[in-house]
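# Model the following, please.
(2 chains)
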Amino acid sequence: MSRLSVAARLHALLWGVFSIGGFIAAFLLPVLIYVNNIAYPLGLWPVTSKDPTRLLVTDQIVTSLLVFVTVAGSLFHGVFRFQTTLGELGLKKYEDKIIAIGYAIIEVGICALLYYLLFLNPSCVRVLTPH
Amino acid sequence: MVRELTSFFVAVFSVLYIYQVALLAENPGSYDQYLTLVRNPFMIGFSIIILGFTLYHSLTWFYLIGRVQPLKIGGKETTPGQSLIVNTVLLLIISIVVISLFLVGK
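Take a look at the predicted model:
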């Protein structure tokens, strides 16, 4: 049985996470964009006057989780794909810098999202904290 | 290549949404100003463009899944077109379920 190097395993793992992010972005991101940025400002169904983001991130644990999974998965998928595309577009010599910036955006973005979601919905912290 | 470039819009919306959540947590006054910006016609237009590219990204993803990993049903392999149709219906169902469960009547 061949043994994969750590780098090869990490590479495979990142592409796996990218695929999961792709599924999440494909199925959940369009409805979030529609509800938050189109239905709410235009007063279309299903949103009337209440801000959907405030509802989603402060109301229930499950909606905070839904927002985290959707946005974190989409961020990973979008940035990961875009940084590899820039390399294919002739920016190969800047590839290392592009990848570093891409991963920095992903890490900071996901950590910030997690922090603010826990801040806005403290009941999530109580669920996560062992009694 | 167009499909890969649409991932830019997926990333842009994600970053903007994280910024929105951060404003809501840190500064309610700035958050209200951000909501005013979201209601701006140019921002609505930009959001429609983001939604269009995101949907394009989703639909091409569904098609690619059918090409890369076709299912065998009754000895026959499914086609990318069938994958596109089934997953698009699934996308609509998931969207309606999310809206009905978490937003309707709130």
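# so the residue nearest to the spatial centre of chain A, which of the three states?
In chain A, the centroid-proximal residue (Cα atoms, centre = their mean) is A:Ala72; its distance is 1.6 Å. The local conformation at A:Ala72, judged by DSSP: H, G, I helix; E, B strand; the rest coil, is helix.
# my read: it touches A:Ala112, true?
No: counting by Cβ atoms under 8 Å, A:Ala72 does not reach A:Ala112; the two are 10.3 Å apart. Placement of C-beta: from N, CA and C, glycine included.
# so how far is B:Met43 from A:Phe76?
25 Å (Cβ to Cβ, to the nearest Å).
# In terms of neighbours, single out the busier of those two.
A:Phe76 (28 against 16; other Cβ atoms under 10 Å in any protein chain shown).
# Wait, that one touches A:Ile106, no?
Yes: A:Phe76 is within contact range of A:Ile106, at 5.5 Å (criterion: Cβ under 8 Å).
# now A:Phe119: how far from A:Pro52?
Distance, A:Phe119 to A:Pro52, using Cβ to Cβ: 19 Å.
# okay, those two: which has more neighbours?
A:Pro52 (21 against 16).
# Identify the residue spatially nearest to that one, adjacent ones excluded.
In space, and not counting its chain neighbours, A:Pro52 is closest to A:Val35: 4.8 Å by Cβ to Cβ, 6 or more residues apart in numbering or on different chains.
# ok but the one you found is inside a helix, no?
Yes: secondary structure of A:Val35 (three-state DSSP): part of a helix.
# and it, how many neighbours?
By other Cβ under 10 Å, 23 other residues sit near A:Val35.
# With B:Thr54 instead?
Count around B:Thr54 with other Cβ under 10 Å applied: 25.
# and if you look at A:Gly90?
By other Cβ under 10 Å, neighbour count at A:Gly90 equals 8.
# wait, A:Ile106 sits on A:Phe82?
No: counting by Cβ under 8 Å, A:Ile106 sits too far from A:Phe82 to count as a contact (10.9 Å).
# Please, where are all the strands along chain B?
Counting by DSSP state E, chain B has strands at residues B:72-73, B:76-77.
# In terms of mean pLDDT, which of the ones you listed ranks lowest?
Mean pLDDT is lowest for strand B:72-73 among the strands of chain B, at a mean of 82.
# Could you list the paired strands of that strand along with their orientation?
According to DSSP bridges, strand B:72-73 forms sheet pairs with strand B:76-77 (antiparallel).
# what's near enough to touch residue 57?
All of this refers to chain A. Listed by Cβ atoms under 8 Å, 6 or more residues apart in numbering or on different chains, the contact set of A:Val57 reads A:63-64, A:67, A:116-117, A:120-121, B:21, B:24.
# um, chain B though
Counted by Cβ under 8 Å, 6+ apart, B:His57 has contacts A:25-26, B:3, B:6-7, B:9-10.
# at 7 Å what do you get?
Contact analysis of B:His57 by Cβ atoms under 7 Å, 6 or more residues apart in numbering or on different chains lists B:3, B:6-7, B:10.
# re earlier: pipe the strands of chain B into CSV and attach mean neighbour count and distance to B:Pro28 per row.
Shown next, in CSV, are the strands of chain B (neighbours: other Cβ atoms under 10 Å in any protein chain shown; distance: least, Cβ to Cβ, whole Å):
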stretch, mean neighbour count, distance to B:Pro28
strand B:72-73, 8, 53
strand B:76-77, 10, 55
